[in-house]
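K.L.:
dropping the sequence and predicted coords here.
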Amino acid sequence: IRVHLSCRDRKTRLTSVANARNAPRLVDLKVHNLCIHIFSLNDDSPSMLALEEEEELSAANHWLLPAAEFHGIWESLIYEEGIKTQLLDYVSTTIFFSDRNVDSNLIAWNRVVLLHGPPGTGKTSLCKGLAQKLSIRLSGRYAHSQFVEINSHSLFSKWFSESGKLVTKMFQKIQELIDDKDALVFVLIDEVESLTASRSAAQAGTEPSDAIRVVNSVLTQLDQIKRHPNVVILTTSNVTEKIDLAFVDRADIKQYIGPPSASAIFHIYLSCLEELMKRHIIYPRQQLLSLEELGTMNFMESDVTRLSLTLRNLAQRSVGLSGRALRKIPFLAHALYGKSSTLTVEGFLKAMERAVDKQRQEQASLVNCV
């Protein structure tokens, strides 16, 4: 059993959730209402969703939320302030408007979110974390939540003209889940450009003609599914220029997720070092200051700030690396440059510097090969 705290007051919730730096915030409980959600995590592995009984290839993975597999994802993702809050508020408003029976012909929303940006920036993880977070927050509104991750590539048939039919069958499966009005259903379409390739490219001969049928089928299904109040479509893309404009137009939110800034990298590294100190891989434990604390000291070097300033310089040198690559740096530092099983903070920071340099060299060599 786990406990999740949130505030009903919207302004307070924004400051507490949006804070990418995880700095402590004081909340006056005489003014704001504290909401306590008690929940248990579902330990079951995802079930496979096939379109035909005899098919071995899974068309989608299906989780019951909150899932143990998704626990901690939301907190581990560090972006500039506002991104995570905006997504939370979008879904909350979607549910609110639906509950108030707002006429969608007058005020349009399609229940579609598009996260786009370069690979490795955490778009897919953000979708999973968002669904997990909302499954807990909206547990009073919905008895249970479900998460479906569509395997886009499995919907392309080797038989000509069959792909559009497979898309329709996939959404029929999703419709069965949505028909349970006590369930909040999240549908993730990763690399959505696979299913929504620009029809102009197909007409020009640069994409297979079957792609037109697939796009038409996806758009038709989205237009039908938006009538249901208990579904949210989450999509990601690395190459938005290849997506059909009709799909882009249907997305209520088109959020760019870029590489982490220097301040975000600092806090990613800080969370990694705290975890390694907790596990005694870095020992003895030493206090590392946050950027806010360093700022109060005008970033002046002293015995107290020296290690934290070294970490800040390392973060600045790491700008340009993806979030996925950044999370690997501590592991590579220990694997390639750790001289013993346990390192001091200073020794580990030196190993991380070497790991960052190696990552940059590999990155440059790959670019040169291309």
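P.N.:
Alright, I've got the coordinates. Worth saying up front: this structure is predicted, and the values here are computed from it rather than measured.

K.L.:
so where is this protein shaky, pLDDT-wise?
P.N.:
Scanning the chain for pLDDT under 70 picks out the ranges 1, 3, 5-25, 53-57, 157-161, 201-209, 369-370.

K.L.:
just say helix, strand or coil for the spatially most central residue of it.
P.N.:
Nearest to the mean C-alpha position of the chain, by Cα atoms, centre = their mean, lies residue 126 at 1.0 Å. Following DSSP: H, G, I helix; E, B strand; the rest coil, residue 126 is assigned to helix.

K.L.:
ok, the closest residue in space to it that isn't next to it in sequence - contacts?
P.N.:
The shortest distance from residue 126 to any residue other than its chain neighbours is 5.7 Å, reached at residue 77 (Cβ to Cβ, 6 or more residues apart in numbering). Heads up, the C-betas are built off the backbone N, CA and C, glycines and all. Contact partners of residue 77, counting by Cβ atoms under 8 Å, 6 or more residues apart in numbering, are 84, 122, 125-126, 129, 323.

K.L.:
what's the answer for residue 245, then?
P.N.:
Applying Cβ under 8 Å, 6+ apart, the residues near residue 245 are residue 198.

K.L.:
how far away is it from residue 198?
P.N.:
Counting by Cβ to Cβ, to the nearest Å, the separation of residue 245 from residue 198 is 7 Å.

K.L.:
ok, now residue 217?
P.N.:
Separation of residue 217 from residue 198 (Cβ to Cβ): 15 Å.

K.L.:
burial of residue 367, as a residue count?
P.N.:
Residue 367 has 8 neighbours, counted by other Cβ atoms under 10 Å.

K.L.:
right, I mislabeled it, should have said residue 90
P.N.:
By other Cβ under 10 Å, the residues close to residue 90 number 17.

K.L.:
list the contacts of the residue lying closest to it once chain neighbours are set aside.
P.N.:
Among residues not flanking residue 90 along the chain, residue 253 sits closest, at 5.4 Å (Cβ to Cβ, 6+ apart). Contacts for residue 253 (Cβ under 8 Å, 6+ apart) come out as 86-87, 90, 113-114.

K.L.:
can you check residue 120 too?
P.N.:
Residue 120 touches 322-325, counting by Cβ under 8 Å, 6+ apart.

K.L.:
can you tell me how far it sits from residue 132?
P.N.:
For residue 120, the distance to residue 132 - Cβ to Cβ - is 21 Å.

K.L.:
now residue 88
P.N.:
Going from residue 88 to residue 132 by Cβ to Cβ gives 12 Å.

K.L.:
residue 32 now?
P.N.:
Distance from residue 32 to residue 132, by Cβ to Cβ: 24 Å.

K.L.:
neighbour count: the two, which is higher?
P.N.:
A direct count of neighbours by other Cβ under 10 Å for residue 32 and residue 132 places residue 132 higher, at 24 against 15.

K.L.:
please, which helix or strand holds the more buried one?
P.N.:
Residue 132 belongs to helix 123-137 when assigned by DSSP states H and E.

K.L.:
then residue 35?
P.N.:
Per DSSP H and E: residue 35 is located in strand 34-39.

K.L.:
the residue nearest to the centre of the chain against residue 190, yeah?
P.N.:
No. With contact defined as Cβ atoms under 8 Å, residue 126 does not count as touching residue 190 (11.5 Å).

K.L.:
and residue 299, that's in a helix?
P.N.:
No. The assignment for residue 299 (three-state DSSP) gives coil, which keeps it out of a helix.

K.L.:
check contacts around it.
P.N.:
Contacts of residue 299 (Cβ under 8 Å, 6+ apart): 305, 309, 312.

K.L.:
please redo it, this time with the cut-off set to 10 Å
P.N.:
291, 305, 308-309, 312 (Cβ atoms under 10 Å, 6 or more residues apart in numbering).

K.L.:
among those residues, who's most crowded?
P.N.:
Using other Cβ under 10 Å as the neighbour test, the contacts of residue 299 are led by residue 308, with 23 neighbours.
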